[in-house]
Every structure is written in C-alpha cells, then in structure tokens.
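Trainee: Quick one, what's the 3D model for this:
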Amino acid sequence: MVDLWYPKGVTTPEQRLRYYASRFTTVEVDSSFYAIPRREYAEAWVKRTPADFIFHVKAYGLMTGHEVEERSLPPELHGYSYVSERGRVRGADPDMVDAVFDIFLDAIDPLRAAGKLGGLLMQFPPYFTAATDEAEQRSLDYLDYVAGKLRGHHVLVEFRHPSWVRGARLQRTHDFLRDRGLSYVSVDGPQFPSGSTMPPLALVTGDWAYLRLHGRNAETWFARTASASDRFDYLYSAEELEEWAPRVRQLASEASETFVMFNNNKYDYAQRNAEEIATILGDLVMPPSGDDAPGAPTLF
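Mentor: Numbers count the residues shown, from 1 in each chain. Predicted coordinates for the structure are as follows:
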C-alpha cells in the first residue's frame, strides 16, 4: 500500500498522515486494538491533521474480550491478575479490564480535547454472542457496562456473530443499542450458505451511522493468514459498491453523521474503493479541507 498509494518522497509517518489527511476527512486507527497508543502519539496526530479531521479509534483487545499479547500491556496493568498462556493474556481480572478503559481513554484524550475524536470502535469477537438466552444476557450485561464506562463518547458496536440479528433478536438488539445511544456498525463481508457471518444490514441505532466494508474474500475469511491484509484481500467492483449506495443514503437520512470505512487493506484497495464510492455518492460526501493536494477528489 505504501509503495502503490503514497507519492514518491512521502516516506515518514508524519508525511504519510499529512498526505492522507489531504485526501480524506477521517481515518480508523487499528493499531490501538493491539496496544494502547502512547498519549504523545495522539498529540502528534492532532498537530498533523486539519482542524476538522476525525479519528475513529478501535478499542484495545482487552476491552472487547479478546486475548492480547502480554508484552502489549501498559505498565499500570502489571499488578493485576490474569492467566498467561504462551505470552498471551486470558481471563483478565474485571478490575484489570476496568483499569484498561481508563488508561485507554486517557491515552486518546488529546484527540477529544482537540475535537478530533470520532467513534470508539468496539469490535467484539465471534464468541461474543446472543446464541442462547444465557449468552445474550451475559453479553448485554457487558454492553451495559461499556455504555457506562464510555458515556459521553460515540460508541460503535460491531458484532461478528449473526445471532445478534437473527429472528426476534434483531429487534431486541436494535432497541437495546438505541436505548443506550450505542451505534450499530453495519458491515459488508463474504456470505456463506451456513449463515455464519454477519449479514449486510443497514441499521441506525445511535446518532451516528457507521459502515465497515471488509471485502468479500470467502477463501481467506476463516483462514490463518500471514497478515491481516491477506485476510482482507479484495477489491470491490463498481457494481458491488453501487449495491450499497441506496443503503448508505438511507443511513444518512436517519443519522446526523454517516461514515463509510473500508477495511479491505491489501495493497491500495481501500483507498481506490473509497474514491469510487465517493464518486457514486457524490452530493453526500464531505470534501477534505487539507490543501496539500490541489484538485483532490471529494472523499470521506
């Protein structure tokens, strides 16, 4: 992606972010899932982007029930109990998870203070389900906890198990999120006869609408790939993007802000598809305010 998309000479992290922010109005920070960023990183992001640029930040793995690398733990967490298995953290003490939220929010506070913090993306694992009444209640209890810890923020909830939207649970899920001001994350991904992945529902439950397009590579979706980009190795066709145009317009009609984010991060696929859908949606798209790229197309 670096070689294909960034101009020659744009090589440092600062140069890349400044160039990116001249082409797009928002970005999704994914590295924060693997390790909580240092506060000075967020301070640098503020300085290197236009005043109206928005950072959506993916929650650190422990905040969504994932295992994390033990070496990624901030020093403040070393006194808490957890299970260490092959260098990974499992079964973290609830007090440890509670502390993680506070450390995470402090680390990204420079974005909030500058008015550049967008949504906090809570991408839950496939085993965070509503497959049984017991599992559903346990998961909803945790979502209630999340809503309390992140009160005052735009919380984006991405489910990865279809039980949340099957049958009568769809309405229950919608109402639960709406009542707490949590935004359902609409997704696009490969679909299988078994119905094992989230369907492409356009759903608004909060003041913001959020769509993530992961690509439709069925061969790599459940595979152990060398990198995340290999799993999301997919370039959408114009026809596939057109499928989403009326649904995005519907989302935009129901929400105060609507974000369309591409996670098909192999090569420069995400940027190329973002340019295409920006053209398709036209009048809905906010132009970037950066002045580093005269004549830049209107993009998200």
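
Trainee: which parts of stretch 118-130 are buried?
Mentor: 118, 119, 120, 121, 122, 123, 124, 128, 129, 130 (16 or more other C-beta atoms under 10 Å). For every residue, glycine as well, the C-beta is placed using N, CA and C.

Trainee: What's the first helix or strand after the helix or strand containing the third one?
Mentor: Under the criterion DSSP states H and E, the helix or strand holding residue 120 is strand 117-123. Helices and strands here follow DSSP H and E; after strand 117-123, the next one along the chain is helix 133-149.

Trainee: That next one packs against which elements?
Mentor: Secondary-structure packing of helix 133-149 (3 or more C-beta pairs under 8 Å, 6 or more residues apart in numbering; DSSP states H and E): strand 154-158, helix 169-179.

Trainee: what about whichever helix or strand comes after the longest one, average pLDDT?
Mentor: The reference is to helix 169-179. Going down the chain from helix 169-179, the next helix or strand is strand 183-188, by DSSP H and E. For strand 183-188, the mean per-residue pLDDT is 98.

Trainee: Quickly list what the most centrally placed residue in the chain is bridged to.
Mentor: In the chain, the centroid-proximal residue (C-alpha atoms, centre = their mean) is residue 121; its distance is 4.5 Å. For residue 121, the beta-bridge partners are residue 58, residue 156 (DSSP bridges).

Trainee: my guess is it contacts residue 57, does it?
Mentor: Yes - between residue 121 and residue 57 there is a contact under C-beta atoms under 8 Å: 6.8 Å.

Trainee: Give me the common contacts of those two.
Mentor: residue 28 (C-beta atoms under 8 Å, 6 or more residues apart in numbering).

Trainee: returning to what we had before: Serialize the helices and strands packed on helix 133-149 to JSON lines and add fields for mean neighbour count, mean pLDDT and distance to residue 21.
Mentor: Listed next are those as JSON lines, based on neighbours: other C-beta atoms under 10 Å; pLDDT from 0 to 100; distance: least, C-beta to C-beta, whole Å:
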{"stretch": "strand 154-158", "mean neighbour count": "23", "mean pLDDT": "98", "distance to residue 21": "20"}
{"stretch": "helix 169-179", "mean neighbour count": "16", "mean pLDDT": "98", "distance to residue 21": "30"}
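
Trainee: To residue 69, which of those lies closest?
Mentor: With C-beta to C-beta, the closest approach to residue 69 among the helices and strands packed on helix 133-149 belongs to strand 154-158: 21.3 Å.

Trainee: Which strands and helices lie in contact with the strand holding residue 120?
Mentor: By 3+ C-beta pairs under 8 Å, 6+ apart, strand 117-123 packs against strand 54-58, strand 154-158, strand 183-188, strand 208-213.

Trainee: let's go with 6 Å and repeat that
Mentor: The contact analysis (3 or more C-beta pairs under 6 Å, 6 or more residues apart in numbering; DSSP states H and E) places strand 117-123 against strand 54-58, strand 154-158.

Trainee: Give me the sheet partners of the very next helix or strand once past the first one and which way each runs.
Mentor: Along the chain past strand 54-58, the next helix or strand (assigned with DSSP H and E) turns out to be strand 68-69. In its sheet, strand 68-69 lies beside strand 88-90 (antiparallel), with partners assigned from DSSP bridges.
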